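Peer 1: sequence? don't have it. structure:
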Ligand code: ZN
């Protein structure tokens with residue numbers, strides 16, 4: 001016991017400095033938008049400090065970076081992006097920031113859907129793809145911070161199991177919708193991967209990016225399609241201008257089914273602070289509008 005005491009007191013003094021040391025070893029991660037930030041936090045836990053450039057309820061397609069963003073990117077050790085043409089504003093920001101961060105593209109390995117000659121960037125809308133994102137992020141965190149590898153792997157395994165259950169849950173819910181009612185209108189074309197995975201058709205007046213405005217002719221064509229196809233419900237999105245969807249609802253008699261979260265989570269106190277909450281919210285909004 002006598003010989004233990006000095007050891008214990010040494011351990012005690014070591015422990016008192018540990019919090020400060022742990023603080024400095026947290027990996028600094030910057031993501032382009034909020035959904036990637038959630039994935040990084042799920043896998044990184046308290047070993048990572050995650051900042052998202054595009055915040056909650058904000059539009060990643062048409063983002064204008066701030067000087068503060070350049071500072072964040074400059075200080076990042078790891079930069080996580082979606083790729084598939086989503087972040088057109090990012091290369092200039094990276095250059096301006098003088099960033100030396102490792103960059104990982106979370107969609108690596110996912111076969112993109114095509115919209116004309118462009119890739120559809122919204123791959124996270126299928127839960128199966130989200131699992132690929134999570135594996136890519138896990139591997140990037142392990143490479144950037146090997147000392148915490150076991151923790152990242154354990155967190156990823158737990159989270160991937162939750163996503164597997166979520167995917168099953170969405171399929172069970174989607175199956176409740178009668179075949180002839182599996183079609184909706186949403187603001188922009190963010191749900192192609194969701195549609196492919198779960199068998200619900202989406203028509204989107206704004207196209208795949210929010211950068212393009214539909215012409216009067218486009219709108220007339222959509223109204224014609226909605227009437228002809230007997231589309232039962234139209235949906236709003238959490239960051240877009242909803243007037244167009246409102247007008248389509250008014251002119252076709254389709255009901256407004258609520259808000260779908262496509263490209264951004266809500267804030268922490270909002271209804272969908274995480275990816276899992278987002279997917280669950282969306283499928284419930286769809287089934288409550290479409291199941292009779
Ligand atoms: Zn989008």
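Peer 2: Right, received. Where do you want to start? Because the structure is predicted, anything quoted here is derived from the model rather than measured. Numbering: from 1, shown residues only.

Peer 1: which parts of the stretch 151-292 of the chain sit against the ion?
Peer 2: With C-beta under 5 Å from the ion as the criterion, the stretch 151-292 of the chain comes near the ion at residues 190, 263. Every residue, glycine included, has its C-beta placed from N, CA and C.

Peer 1: any low-confidence regions in the stretch 151-292 of the chain?
Peer 2: Where the stretch 151-292 of the chain drops to pLDDT under 70, the residues are 205-208, 212.

Peer 1: all helices of it, in order?
Peer 2: Secondary structure of the stretch 151-292 of the chain (DSSP state H, counting those that start in this stretch): helices at 192-198, 216-229, 243-252, 275-290.

Peer 1: what helices and strands are in contact with the last one?
Peer 2: Contacting helix 275-290 under the criterion 3 or more C-beta pairs under 8 Å, 6 or more residues apart in numbering; DSSP states H and E are the following elements: helix 34-44, helix 149-174, strand 183-185, strand 233-237, strand 255-260.

Peer 1: if you set the cut-off to 7 Å instead, what comes out?
Peer 2: Using 3 or more C-beta pairs under 7 Å, 6 or more residues apart in numbering; DSSP states H and E as the contact definition, the elements that helix 275-290 packs against are helix 34-44, helix 149-174, strand 233-237, strand 255-260.

Peer 1: the last one - contacts with which helices or strands?
Peer 2: Right, the one you point to is strand 255-260. In terms of contacts (3+ C-beta pairs under 7 Å, 6+ apart), strand 255-260 is packed against strand 233-237, helix 275-290.

Peer 1: would you turn those into TSV with mean neighbour count and distance to residue 103?
Peer 2: Conversion of these to TSV gives the following (neighbours: other C-beta atoms under 10 Å; distance: least, C-beta to C-beta, whole Å):
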stretch	mean neighbour count	distance to residue 103
strand 233-237	24	28
helix 275-290	20	21
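
Peer 1: so which of the ones you listed is nearest residue 48?
Peer 2: Minimum separation from residue 48 across these (C-beta to C-beta) falls at helix 275-290, 16.2 Å.

Peer 1: relative to helix 149-174, how tilted is that closest one?
Peer 2: 0 degrees (axes from the mean of the first three to the mean of the last three C-alpha atoms, to 10 degrees).

Peer 1: relative to helix 34-44, how tilted is helix 275-290?
Peer 2: 130 degrees.

Peer 1: kindly report the domain assignment for the chain.
Peer 2: Split into domains by automatic domain parsing, the chain comes to 27-171, 177-290.

Peer 1: and residue 95, what is it in contact with?
Peer 2: With contacts defined as C-beta atoms under 7 Å, 6 or more residues apart in numbering, residue 95 has no neighbours.

Peer 1: check contacts around residue 285.
Peer 2: When contacts are counted by C-beta under 7 Å, 6+ apart, residue 285 touches 235, 257-258, 260.

Peer 1: oops, could you answer that again for residue 103 instead?
Peer 2: If you count contacts by C-beta under 7 Å, 6+ apart, then residue 103 has 79, 81 around it.

Peer 1: which element is it on?
Peer 2: Secondary-structure element containing residue 103, defined by DSSP states H and E: strand 102-105.

Peer 1: that strand: how far from the chain's middle?
Peer 2: Its chain's C-alpha centre lies 16 Å from the corresponding centre of strand 102-105 when counted by C-alpha atoms, centre = their mean, to the nearest Å.

Peer 1: that one: which residues count as buried?
Peer 2: Buried residues in strand 102-105, defined by neighbour count with 16 or more other C-beta atoms under 10 Å: 104-105.

Peer 1: tell me the strands beside that strand, with direction?
Peer 2: Using DSSP bridges, the strands paired with strand 102-105 are strand 78-81 (parallel).

Peer 1: rewinding a little: select, out of the helices of the stretch 151-292 of the chain, the one closest to residue 140.
Peer 2: Residue 140 sits nearest to helix 275-290 of all the helices of the stretch 151-292 of the chain, at 17.3 Å, using C-beta to C-beta.

Peer 1: on that earlier part again, could you give me the average pLDDT of the strand holding residue 103?
Peer 2: In this model, strand 102-105 has an average pLDDT of 96.

Peer 1: near the ion at all, the helix or strand just after that strand?
Peer 2: Stepping forward along the backbone from strand 102-105, the first helix or strand reached (DSSP H and E) is strand 114-115. No: using C-beta under 5 Å from the ion as the criterion, no contacts between strand 114-115 and the ion are found, and the smallest distance is 11.2 Å.

Peer 1: just how off-centre is the helix or strand that strand 114-115 is followed by within its chain?
Peer 2: On the C-terminal side of strand 114-115, the nearest following helix or strand under DSSP H and E is strand 118-119. Its chain's average C-alpha position is 18 Å from that of strand 118-119, according to C-alpha atoms, centre = their mean.
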